[in-house]
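K.L.:
predicted coordinates and the sequence they were generated for:
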Amino acid sequence: MKYSPTILVVDDEPVTLQLIVEGLQEEGLNVDLASSGAEAIEKSRQASYDIVITDLVMPGMDGMKVLDHFAGNFPDTSVILLTGYGTIETAVQAVKKGAYDYLTKPAKLDEIVLLIQRAAELKALRTENVLLRSQLQDRYRYDRIIGQSAPMQALYRTIQRVAKADSTVLLMGESGTGKELIANAIHFNSDRRDKPLVPINCGAIPEELLESELFGHEKGAFTGAIKERRGRFELAHQGTAFLDEIGEMSQKLQVKLLRFLQLKFRTPFEGWRHGIIY
């Protein structure tokens, strides 16, 4: 198997527990076992697990409590539930609470291995995403921008100030002077750094399409609107929208944008807050 996560199997039935553990070990996986929910929680204090496979119905501490423990204390651990047909509804509720997935008993080994592989792939993607975000934040630190002159020092101080605010920012400068670099620096030095940075080049999109790109539209709003479309502002929820080449936008659309900015805290998507850089 390509992935080698550390797995904890929890089941109060000795035969079932042994079959699953031995089967996963034959697949070359690193597997630990616990015969009760209490033992699983105790082991979690001594070792780190990527994936927990737990029976749902167990005496004392059941699988839901095991899920609650790992979800609350080890959110990066994927929890897979094993459930009988009579408790599928409960298992579905568990998935809504944060479980990765569930399997009905008796679960086949290949089904378990497939879920483990998928859970491991998801964790790998999340880890990669965190790493890439960290690299982006490091790349766009304001002190990584080249320039030690007095005007550049003043610019660094300005980035520090505006990055802390939920406000619109206007960047002015000739083409090629680094406005996009500054926009990225503002975003990645703000409290919104873990939320989306959504850029849009206002000069590269035809006027008749730009309004829909910015604000989205409902299905049937105009000819050709065959489905609902979320606008760039909504996609930037809690993050930052970067409007490049805003001077190319028509005056008619600029008026609509101004009205939107004035009313941005009373938009249809309630709670919408983010910075806008243009």
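P.N.:
Perfect, I can see it now.
K.L.:
the nearest residue to P106 once chain neighbours are set aside: how many residues sit nearby?
P.N.:
Spatial nearest neighbour of P106, excluding adjacent residues (Cβ to Cβ, 6 or more residues apart in numbering): T16 at 7.6 Å. Yep, even glycine has a C-beta here, placed from its N, CA and C like the rest. Residues lying near T16 (other Cβ atoms under 10 Å) number 16.
K.L.:
then T16 would be within a helix, right?
P.N.:
Yes: per DSSP: H, G, I helix; E, B strand; the rest coil, T16 lies within a helix segment.
K.L.:
please, where are all the helices along this protein?
P.N.:
14-26, 37-44, 63-73, 88-96, 109-139, 150-163, 179-188, 207-215, 232-235, 251-262 (DSSP state H).
K.L.:
out of the ones you listed, which is the most enclosed?
P.N.:
helix 179-188 (a mean of 21; mean count of other Cβ atoms under 10 Å).
K.L.:
for that helix, give the mean pLDDT please.
P.N.:
Mean pLDDT, helix 179-188: 83.
K.L.:
now the angle from it to helix 150-163?
P.N.:
40 degrees (axes from the mean of the first three to the mean of the last three Cα atoms, to 10 degrees).
K.L.:
same for helix 179-188, what does it pack against?
P.N.:
helix 109-139, helix 150-163, strand 197-201, strand 240-244, strand 275-277 (3 or more Cβ pairs under 8 Å, 6 or more residues apart in numbering; DSSP states H and E).
K.L.:
turn the ones you listed into TSV, columns for mean pLDDT.
P.N.:
Conversion of those to TSV gives the following (pLDDT from 0 to 100):
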stretch	mean pLDDT
helix 109-139	77
helix 150-163	80
strand 197-201	87
strand 240-244	87
strand 275-277	59
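K.L.:
which one of those lies nearest to E22?
P.N.:
Nearest of the helices and strands packed on helix 179-188 to E22, taken as Cβ to Cβ: helix 109-139 at 9.6 Å.
K.L.:
quick one: mean pLDDT over stretch 33-46.
P.N.:
94.
K.L.:
got the CA positions of it in PDB?
P.N.:
Written as PDB, here are the backbone C-alpha positions of stretch 33-46 (Å, rounded to 0.1, in the frame of the first residue of the first chain):
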ATOM      1  CA  LEU A  33      -5.500  -2.000  19.000                       C
ATOM      2  CA  ALA A  34      -7.800  -1.200  21.900                       C
ATOM      3  CA  SER A  35     -10.600  -3.400  23.300                       C
ATOM      4  CA  SER A  36     -12.700  -0.500  24.700                       C
ATOM      5  CA  GLY A  37     -13.300   3.200  24.200                       C
ATOM      6  CA  ALA A  38     -11.600   4.000  27.500                       C
ATOM      7  CA  GLU A  39      -8.500   2.100  26.400                       C
ATOM      8  CA  ALA A  40      -8.500   4.000  23.100                       C
ATOM      9  CA  ILE A  41      -8.600   7.300  24.900                       C
ATOM     10  CA  GLU A  42      -5.800   6.200  27.200                       C
ATOM     11  CA  LYS A  43      -3.700   5.200  24.200                       C
ATOM     12  CA  SER A  44      -4.300   8.500  22.500                       C
ATOM     13  CA  ARG A  45      -2.400  10.100  25.400                       C
ATOM     14  CA  GLN A  46       0.600   8.000  24.700                       C
END
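K.L.:
would a markdown table of the helices of the chain with distance to T54 be doable?
P.N.:
Shown next, in a markdown table, are the helices of the chain (distance: least, Cβ to Cβ, whole Å):
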| stretch | distance to T54 |
| --- | --- |
| helix 14-26 | 11 |
| helix 37-44 | 7 |
| helix 63-73 | 4 |
| helix 88-96 | 10 |
| helix 109-139 | 12 |
| helix 150-163 | 43 |
| helix 179-188 | 39 |
| helix 207-215 | 46 |
| helix 232-235 | 37 |
| helix 251-262 | 49 |
